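Engineer: The following comprises the amino acid sequence and a computationally predicted model.
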Amino acid sequence: AQSVSQHNHHVILSEAASLELGCNYSYGGTVNLFWYVQYPGQHLQLLLKYFSGDPLVKGIKGFEAEFIKSKFSFNLRKPSVQWSDTAEYFCAVKTSTDSWGKLQFGAGTQVVVTP
Amino acid sequence: DSGVTQTPKHLITATGQRVTLRCSPRSGDLSVYWYQQSLDQGLQFLIQYYNGEERAKGNILERFSAQQFPDLHSELNLSSLELGDSALYFCASSVAAGASYEQYFGPGTRLTVT
């Protein structure tokens, strides 16, 4: 079965530290990849997405992600986090076999940034 | 604010009861998706509608049903509720169906079954 794996469930780091969240998917065909963020008490918001082209994509709020096809990975990075980045981060995949576009989500990573 | 609205925000009900969750998509969006977020299952796709018709089904229980009305709002009906149905239910909408269209999420309805 197709799946999306996020390696870390909880990450705690200090302000100005660098962040990298891992995401792997198990699907051999064409995929569209997404990272969503859910701030405390808020709805899911799209951080960035990859459909095709340059495998390094830049999103909002200084986030970027790199698609490595050979590793089936789409890791999220931010060079220097802020306290306001405390949130839950979800990796999501749409596969080419699903023409209607439903998202498959990873389990999420809770990120806590301490001052 | 994503433009997607969901009501109610919170719902507390007893086992065996039936509830209806409502979603209004962004203006102009034709496709509506329902997702369930629970501690043990994470975020799971339930069902999708496009312009009033069901288009995709995920891990949706037979006790659950949904529909999309002519004005494009959608309702998710949950019946014979069990404790395990306690979760956050999200609605998302997109301008059309398909992989290349961004989904915008509503604030969710938190359902607590006691």
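Structural biologist: Okay, I see it. Residues are numbered from 1 along each chain as shown, chains lettered A, B, ... in the order given.
Engineer: what's the weakest-modelled helix or strand in chain A?
Structural biologist: Ranked by mean pLDDT, DSSP states H and E, the weakest helix or strand in chain A is strand A:104-105, scoring a mean of 90.
Engineer: what about that one, near chain B?
Structural biologist: Yes - judged by C-beta under 8 Å from any C-beta of the partner chain, strand A:104-105 and chain B are in contact via A:104-105. Placement of C-beta: from N, CA and C, glycine included.
Engineer: what does that strand rub up against?
Structural biologist: Here strand A:104-105 makes contact (C-beta atoms under 8 Å, 6 or more residues apart in numbering or on different chains) with A:2-4, A:25, A:36, A:90-95, B:35, B:42-45.
Engineer: Now stretch A:9-25: buried residues?
Structural biologist: Neighbour counts over stretch A:9-25 (16 or more other C-beta atoms under 10 Å in any protein chain shown) mark A:11, A:19, A:21, A:23-25 as buried.
Engineer: could I have it exported to PDB, CA atoms only?
Structural biologist: What follows is stretch A:9-25, C-alpha atoms only, in PDB (Å, rounded to 0.1, in the frame of the first residue of the first chain):
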ATOM      1  CA  HIS A   9       7.200  12.800  15.700                       C
ATOM      2  CA  HIS A  10       8.500  15.500  17.900                       C
ATOM      3  CA  VAL A  11      11.400  18.000  17.400                       C
ATOM      4  CA  ILE A  12      12.500  20.500  20.000                       C
ATOM      5  CA  LEU A  13      15.000  23.100  19.000                       C
ATOM      6  CA  SER A  14      16.200  26.600  20.000                       C
ATOM      7  CA  GLU A  15      15.600  29.800  18.000                       C
ATOM      8  CA  ALA A  16      18.100  30.300  15.200                       C
ATOM      9  CA  ALA A  17      18.800  26.600  14.900                       C
ATOM     10  CA  SER A  18      18.400  24.900  11.600                       C
ATOM     11  CA  LEU A  19      15.500  22.600  11.000                       C
ATOM     12  CA  GLU A  20      15.200  19.500   8.700                       C
ATOM     13  CA  LEU A  21      12.100  17.300   8.700                       C
ATOM     14  CA  GLY A  22      12.200  14.000   6.800                       C
ATOM     15  CA  CYS A  23       9.500  12.700   4.600                       C
ATOM     16  CA  ASN A  24       9.500   9.500   2.500                       C
ATOM     17  CA  TYR A  25       6.800   8.100   0.400                       C
END
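Engineer: How about the residues of chain B by chain A?
Structural biologist: Residues of chain B lying near chain A (C-beta under 8 Å from any C-beta): B:2, B:4, B:31, B:33, B:35, B:42-45, B:48, B:50, B:55-56, B:58, B:90, B:92, B:94, B:97-103, B:105-108.
Engineer: Quick one, which of those are buried?
Structural biologist: Counted by 16+ other C-beta under 10 Å, the residues of chain B next to chain A give B:2, B:4, B:31, B:33, B:35, B:42-45, B:48, B:50, B:55-56, B:58, B:90, B:92, B:94, B:97-99, B:101, B:103, B:105-108 as buried.
Engineer: Quick one: residues contacting A:Tyr36.
Structural biologist: Counting by C-beta under 8 Å, 6+ apart, A:Tyr36 has contacts A:44-47, A:89-90, A:92, A:105, B:105.
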